[in-house]
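# Kindly return the folded structure for what I paste below:
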Amino acid sequence: MTNSTIDAQTQQPAVCVNNARKAFGDKVVLHDVSLSIMPGEVVSIIGPSGAGKSTMLRCLTLLDTYDKGEFSYGDIKVTTQGPHGAVYDKQAMKAARMRFGIVFQNYNLFPHYTVMKNICDAPVVVQGRDKAEVEAEARELLKRVDLTEHADKVPCELSGGQQQRVAIARALAMHPDVMYFDEATSALDPKLTADMHRLIREFAASGMAVGIVTHEMGFAREVSDRVCFLIDGTIVEEGTPEEVIEHPKDPRTKAFLAHAQD
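Numbering: from 1, shown residues only. Predicted coordinates for the structure are as follows:
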């Protein structure tokens, strides 16, 4: 267990979901799922395709909504459980969107914006921050992700790994408490995967909560403080990487890991 995780145990969760349910028509995708991530903690959600990982991430990032359950970011209660399901507070949703950043699997950069404009646009337009201040911070972020010389390029002039690092810098520019990664290493070579590992551990060391959805068991094992195994819309096992990946107890976890490829 890392020092950041030990410190986090006395704090409020950066994000917390209790007894969440999500259905599309008659198909229930999430069944009473509970999940929390503490400040300074890295949590990976693993599981087979169709398990509900993407739906969970979409609901956590307010791209979709839970039908039932309670959901909060720190002291911001995004939902409460009403008599007919989850009740979302619009002002809380707006405030919660300032608490997290996400790096999508396909990065979702604006193709016609330069790297600098991709990073600076939301802090200036959405948060109303000073443009010169944001641009100065963006240059520091580009230095941090080793992209200083690419500031004036557009996404099509960058490699996939470079685009991912722009997406990370863009998310960090919003000063999030929580950072989510959707398949953080799915298209990266070993060197870039190692760089991603380093960055994520740096984020956690700074007190940021990190949530990762991944199929890469080796990466989850190396980078995570805690791993949650999601299958059929339910978290059936969670614990340290050693407990869940190396010594799983649930037969469904064992069956999945037996077929998973690093």
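# Run the chain-centre distance for stretch 241-249.
Here stretch 241-249 is found 22 Å from its chain centre; the criterion is CA atoms, centre = their mean, to the nearest Å.
# how long is that stretch from one end to the other?
13 Å (CA to CA, to the nearest Å).
# Same check on stretch 156-163?
One end of stretch 156-163 to the other measures 9 Å (CA to CA).
# quick one: average pLDDT of that stretch?
In this model, stretch 156-163 has an average pLDDT of 91.
# ditto for stretch 134-142
Mean predicted confidence for stretch 134-142 is 96.
# who does the longest helix along the chain touch, helix- and strand-wise?
If you go by DSSP state H, the chain has its longest helix at helix 190-205. On a contact count with 3 or more CB pairs under 8 Å, 6 or more residues apart in numbering; DSSP states H and E, helix 190-205 meets strand 42-46, helix 160-172, strand 209-213, helix 217-223. Every C-beta, even on glycine, is put in place using the N, C-alpha and C of the backbone.
# low-scoring stretches of the stretch 51-200 of the chain, by residue?
Residues of the stretch 51-200 of the chain that meet the criterion pLDDT under 70 lie in 186-188.
# That one: strands as residue ranges?
68-73, 76-82, 85-88, 100-103, 178-182 (DSSP state E, counting those that start in this stretch).
# one step back: out of the helices and strands packed on helix 190-205, which gets nearest to D152?
helix 160-172 (12.2 Å; CB to CB).
# and the angle for that closest one with strand 178-182?
For helix 160-172 against strand 178-182, the angle by axes from the mean of the first three to the mean of the last three CA atoms, to 10 degrees is 150 degrees.
# ok, residues contacting helix 160-172?
Outside helix 160-172, the residues that touch it by CB atoms under 8 Å, 6 or more residues apart in numbering are 101-104, 107-109, 115, 118-119, 122, 138, 141-142, 144-147, 150, 155, 158, 179, 184, 187-189, 192, 196, 199.
# Over to stretch 248-256?
With contacts defined as CB under 8 Å, 6+ apart, stretch 248-256 is touched by I46, G47, P48, F229, I231, V236, E237, V244, L257.
# Show me what counts as buried in that stretch.
Neighbour counts over stretch 248-256 (16 or more other CB atoms under 10 Å) mark P248, R252, T253, F256 as buried.
# sorry, back to before: tell me the two of the contacts of stretch 248-256 that are most distant?
It's P48 and V244 that sit farthest apart of these, by CB to CB, at 14.5 Å.
# between those two, which one's more packed in?
Ranked by neighbour count (other CB atoms under 10 Å), P48 and V244 place V244 first, with 25 against 17.
# From the chain's centroid, how far away is the longest helix of the chain?
Relative to its chain's centre, helix 190-205 lies at 14 Å (CA atoms, centre = their mean).
# and the angle for it with strand 42-46?
Orientation check (the same axes, to 10 degrees): helix 190-205 against strand 42-46 gives 130 degrees.
# contact partners of helix 190-205?
For helix 190-205, contacts defined as CB under 8 Å, 6+ apart pick out 2, 4, 40-42, 145-146, 161, 164, 168, 179, 181, 184-185, 188, 210, 212, 219, 222-223, 225.
# same question, stretch 213-220
With CB under 8 Å, 6+ apart as the test, stretch 213-220 has contacts from 44-46, 53-54, 56-57, 180-186, 193, 196-197, 212, 227, 241, 245, 257, 260-262.
# Send me that stretch as CSV with only the CA atoms.
Listed next in CSV are the C-alpha coordinates belonging to stretch 213-220 (Å, rounded to 0.1, in the frame of the first residue of the first chain):
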residue,chain,number,x,y,z
VAL,A,213,-10.9,1.2,-17.2
THR,A,214,-8.6,-1.3,-18.8
HIS,A,215,-8.2,-4.7,-20.5
GLU,A,216,-4.5,-4.6,-19.8
MET,A,217,-3.9,-6.8,-16.8
GLY,A,218,-0.2,-6.2,-16.6
PHE,A,219,-0.7,-2.4,-16.5
ALA,A,220,-3.5,-2.7,-13.9
